[in-house]
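In: using only what follows, build the 3D model:
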Amino acid sequence: MQIAQNLAELERRIAAAAARAGRWPQDIKLIAVSKTVPVELIEQAIGAGITAFGESRLQEAVPKVNLLRAKYPQINWHMIGHLQRNKVKQALEVFDLIHSVDSEKLAREIGIRGQGLGIRVPVLVEVNTCGEASKYGVPAEEAVALLKVMAGFDNIQVQGLMTIAPIVTDPGKARPYFTKLR
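Out: Below is the predicted model of the structure:
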């Protein structure tokens with residue numbers, strides 16, 4: 001019950017934020033991060049209406065996704081963590097969208113593996129807009145060049161960009177990083 005109440009409050013806040021920004025709430029995709037969350041709670045979230053989950057560790061995600069995909073085929077699974085090239089093949093078998101493409105080498109590996117599986121892989125390019133060495137992502141000044149290279153890969157479909165802002169107590173202090181991404 002708590003998950004459903006939390007979701008209702010979150011949807012209310014999303015609608016209010018969308019209205020302030022002049023956007024439609026239905027254009028905003030909510031992805032529940034299920035990293036370290038047990039399957040039972042994920043199922044409660046599905047029952048409450050969540051349709052997309054993000055996992056950042058492949059080894060943790062595989063058993064969850066394999067267990068839940070048969071029962072809930074409508075659920076989309078997103079790879080939201082850093083992806084190593086040696087794990088691309090397995091990631092493509094598990095996830096519906098890769099959020100963390102941050103280099104030409106990783107993009108090339110995804111394209112090769114996608115071709116081998118006969119699929120076009122939807123991805124987001126991760127851009128490091130804050131310049132923190134502890135964060136992954138292509139440096140902002142190199143993002144356009146990476147996108148141009150990726151445009152030549154037939155088995156990759158770039159669906160957008162993503163960034164992770166620094167952790168701050170005032171949400172207004174995070175906005176410049178998203179503005180830079182835009």
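In: in the worst-scoring helix or strand of the chain on mean pLDDT, which of the residues would be classed as buried?
Out: Lowest on mean pLDDT, DSSP states H and E among the helices and strands of the chain sits helix 175-181, with a mean of 92. Within helix 175-181, the residues scored as buried using 16 or more other CB atoms under 10 Å are 177, 181. In short, each C-beta sits where N, CA and C put it, glycine included.
In: tell me how far that helix is from the chain's mean position?
Out: When C-alpha coordinates are averaged (CA atoms, centre = their mean, to the nearest Å), helix 175-181 and its chain have centres 17 Å apart.
In: alpha carbons only: can I get it in PDB?
Out: Listed next in PDB are the C-alpha coordinates belonging to helix 175-181 (Å, rounded to 0.1, in the frame of the first residue of the first chain):
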ATOM      1  CA  ARG A 175      19.300  22.700 -12.900                       C
ATOM      2  CA  PRO A 176      22.400  24.200 -14.700                       C
ATOM      3  CA  TYR A 177      23.600  20.700 -15.400                       C
ATOM      4  CA  PHE A 178      20.400  19.700 -17.100                       C
ATOM      5  CA  THR A 179      20.300  23.100 -18.900                       C
ATOM      6  CA  LYS A 180      23.800  22.400 -20.200                       C
ATOM      7  CA  LEU A 181      22.700  19.000 -21.500                       C
END
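In: hmm, who's touching it?
Out: Under the contact criterion CB atoms under 8 Å, 6 or more residues apart in numbering, helix 175-181 has outside partners 127, 129-130, 140, 161-163, 165-166.
In: give the other helices and strands that the longest helix along the chain contacts.
Out: The longest helix of the chain (DSSP state H) is helix 2-21. If contacts are counted by 3 or more CB pairs under 8 Å, 6 or more residues apart in numbering; DSSP states H and E, helix 2-21 sits against helix 39-48.
In: which strands and helices sit next to the helix it packs on?
Out: By 3+ CB pairs under 8 Å, 6+ apart, helix 39-48 packs against helix 2-21, helix 58-71.
In: ok, and what's touching the helix or strand following the longest one?
Out: Beyond helix 2-21 on the C-terminal side, the first helix or strand identified by DSSP states H and E is strand 32-33. Strand 32-33 has contacts (CB under 8 Å, 6+ apart) with 45, 50, 52-56, 80.
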